[in-house]
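Asks: give me a 3D structure for the following:
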Amino acid sequence: MRHHQVSSADFHSRFQALSQSGIPEQIAQEFSLEVLVKEAPALFPYHTKYKNLHLYSDHPFKDVDAIPILVEVHHRLSDSPIYDEKRARSAFICNDEWKEELFLGSKGKIGGRAYLRAAPHVFFTKADVKNDALLSEYRPIASPRTLTYYLTHEFTHVALGEHLGMKRFEALPKWVFEGYPEFVGLGPGYTAEKAATAYKNRDPRVHGTLAEDYMRYGLMVATYLEDHSLEELLSSPPDEGSFSKLFQALVENRRERNLNTTATGEIQN
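Replies: The predicted model follows:
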């Protein structure tokens, strides 16, 4: 039987006992996922923080490597008007495979997952904090999708849920649900022009993958926000199908503006 309510002290005590017995993973059989998410700090002994952002891991890391990452994550999140820096948020790096399978639902298939109902906690697969990299099959995931990016992306999901409430958050079309965290995650310099260039020059190996979808969604959001506010995007987002025509029109308008700017510059010169 799994417990759905427990004090933090009792949970921590039970996990310590299981760890000393050499079966720490047994904790997942004794408590509900909601409790495990809420009490996650007890499972991850290594910790540091910057302002309201907390980073936990089950393997040791150095503050000198982690703090600059959290500083940049805070900088990227602060560029979003829906980010509330007064609210604490915590990220957990699951180097132990049983924790990855528990909190991410599988091993090696996704980089991170955000939980909102139990606590504003986000969980990640293995990571190399020193080199700002999330690991896939023990190999670093290529830049620009660094650990900084993934932390910002998942924390933006949390910010969206807090801002909209769960009902509206879960009703967002996927291109907004994933596209806005992609847009914020890649930093303030991620303009529609840069997004378009990145998508055009994408690695052929990402064809048909989630990575390609996220790039497209990020481009769609970046393009939409050139001529619309974030509140418009979140309050009445067009569905992906109907947005396709609008998306093409926005791209054409941007292309015409660029051509006009170039032509004007040539005349002045």
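Asks: tell me where the model's unsure across the stretch 101-250 of the chain.
Replies: 108, 138-139, 244-250 (pLDDT under 70).
Asks: ok, which stretches of it are strands?
Replies: Secondary structure of the stretch 101-250 of the chain, counting by DSSP state E, counting those that start in this stretch: strands at 112-115, 121-124, 127-128, 133-136, 139-140.
Asks: any chance of TSV for these, columns distance to residue 36?
Replies: Yep, even glycine has a C-beta here, placed from its N, CA and C like the rest. Converted to TSV, these look like this (distance: least, Cβ to Cβ, whole Å):
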stretch	distance to residue 36
strand 112-115	10
strand 121-124	10
strand 127-128	20
strand 133-136	22
strand 139-140	28
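Asks: buried deepest among those strands, which one?
Replies: Mean neighbour count (mean count of other Cβ atoms under 10 Å) peaks for strand 121-124 among these, with a mean of 25.
Asks: which elements pack onto that strand?
Replies: Packing partners of strand 121-124 (3 or more Cβ pairs under 8 Å, 6 or more residues apart in numbering; DSSP states H and E): strand 89-93, helix 97-104, strand 112-115, helix 147-164.
Asks: mind putting these into a markdown table with distance to residue 123?
Replies: Output for the helices and strands packed on strand 121-124, formatted as a markdown table (distance: least, Cβ to Cβ, whole Å):
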| stretch | distance to residue 123 |
| --- | --- |
| strand 89-93 | 5 |
| helix 97-104 | 4 |
| strand 112-115 | 5 |
| helix 147-164 | 8 |
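Asks: let me see the contact set for the spatially closest residue to residue 69 that is not a sequence neighbour.
Replies: Counting by Cβ to Cβ, 6 or more residues apart in numbering, residue 69 lies nearest to residue 148, which is 5.2 Å off, once chain neighbours are set aside. Residues in contact with residue 148 (Cβ atoms under 8 Å, 6 or more residues apart in numbering) are 69, 72, 73, 76, 132.
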